[in-house]
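**Q** Fold the following and give me the result.
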Amino acid sequence: MTGRRPFEGGRGTGRETPTVNWAVVLDHLEGEVLAAERTMAQGRAEEIAAWGRRSDDWVPPSNLGPVPDDLRERAARLLQHQLAVAEALIERITQSQRQRDVAARMSFGPPRPVASFIDKAL
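**A** Presented below is the predicted three-dimensional model:
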């Protein structure tokens, strides 16, 4: 769900690359999903939209190899969780856009005619 690559670094960058394994990567990805859920729970439209603007696909560190058998079920559950949160984000962003469109039409629409009553007795 994120384009950030927290495990980059290494020689020549002034940062050492931490020891990375699939358990660490899955922990990080799970943290990202939980952070997205917290953002939606807070209901802040701009923060929710920011999650939707993330466009980079996540690329695992190149030195990991395949997911170990003992972590495959966890990875599959995490993927399903990510997909559910992504769908919820899309729905929230769509709702927000619709609400903004309605609000814009209400605010900037032509003024409604005002009824005028004339007293014929005058």
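
**Q** Centre-most residue in the chain?
**A** Closest residue to the average C-alpha location of the chain: residue 51 at 2.8 Å, with CA atoms, centre = their mean.

**Q** Could you list the buried residues of the helix or strand bottoming out on mean pLDDT in the chain?
**A** Least confident element among the helices and strands of the chain, by mean pLDDT, DSSP states H and E: helix 45-53 (a mean of 75). If you call a residue buried by 16 or more other CB atoms under 10 Å, then helix 45-53 has these buried ones: 48, 51. All C-beta spots, glycine's among them, are computed from the backbone N, C-alpha and C.

**Q** Who are the packing partners of it?
**A** helix 22-42, helix 69-108 (3 or more CB pairs under 8 Å, 6 or more residues apart in numbering; DSSP states H and E).

**Q** and residue 59, which of those is closest to it?
**A** helix 22-42 (11.0 Å; CB to CB).

**Q** Name the residues of that closest one that are buried.
**A** In helix 22-42, counting by 16+ other CB under 10 Å, buried: 22, 25-26, 28-29, 32-33, 36, 39-40.

**Q** Report the two of these separated the most.
**A** The distance between the two most remote of the buried residues of helix 22-42 (CB to CB) is 27.0 Å, for 22 and 40.

**Q** Pick out the shakiest of the helices and strands packed on helix 45-53, pLDDT-wise.
**A** For the helices and strands packed on helix 45-53, mean pLDDT drops lowest on helix 69-108, to a mean of 86.

**Q** Can you tell me which helices and strands that one packs against?
**A** Under the contact definition 3+ CB pairs under 8 Å, 6+ apart, helix 69-108 sits against helix 22-42, helix 45-53.

**Q** Please name whichever of those is nearest to residue 69.
**A** helix 22-42 (10.7 Å).

**Q** Now do the closest one against helix 45-53, angle only.
**A** 140 degrees (axes from the mean of the first three to the mean of the last three CA atoms, to 10 degrees).

**Q** CA atoms of helix 22-42 as PDB?
**A** Below are the C-alpha coordinates for helix 22-42, written out as PDB (Å, rounded to 0.1, in the frame of the first residue of the first chain):
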ATOM      1  CA  TRP A  22      10.200 -11.400   5.500                       C
ATOM      2  CA  ALA A  23       8.900 -11.100   9.100                       C
ATOM      3  CA  VAL A  24      10.300  -7.600   9.400                       C
ATOM      4  CA  VAL A  25       8.800  -6.600   6.000                       C
ATOM      5  CA  LEU A  26       5.400  -8.000   6.900                       C
ATOM      6  CA  ASP A  27       5.500  -6.200  10.200                       C
ATOM      7  CA  HIS A  28       6.100  -2.900   8.400                       C
ATOM      8  CA  LEU A  29       3.400  -3.500   5.800                       C
ATOM      9  CA  GLU A  30       0.900  -4.400   8.500                       C
ATOM     10  CA  GLY A  31       1.800  -1.200  10.300                       C
ATOM     11  CA  GLU A  32       1.100   0.700   7.100                       C
ATOM     12  CA  VAL A  33      -2.400  -0.900   6.800                       C
ATOM     13  CA  LEU A  34      -3.200  -0.200  10.400                       C
ATOM     14  CA  ALA A  35      -2.100   3.500   9.900                       C
ATOM     15  CA  ALA A  36      -4.400   3.800   6.900                       C
ATOM     16  CA  GLU A  37      -7.300   2.400   9.000                       C
ATOM     17  CA  ARG A  38      -6.600   4.800  11.800                       C
ATOM     18  CA  THR A  39      -6.600   7.700   9.300                       C
ATOM     19  CA  MET A  40     -10.000   6.600   8.000                       C
ATOM     20  CA  ALA A  41     -11.300   6.200  11.600                       C
ATOM     21  CA  GLN A  42     -10.300   9.900  12.300                       C
END
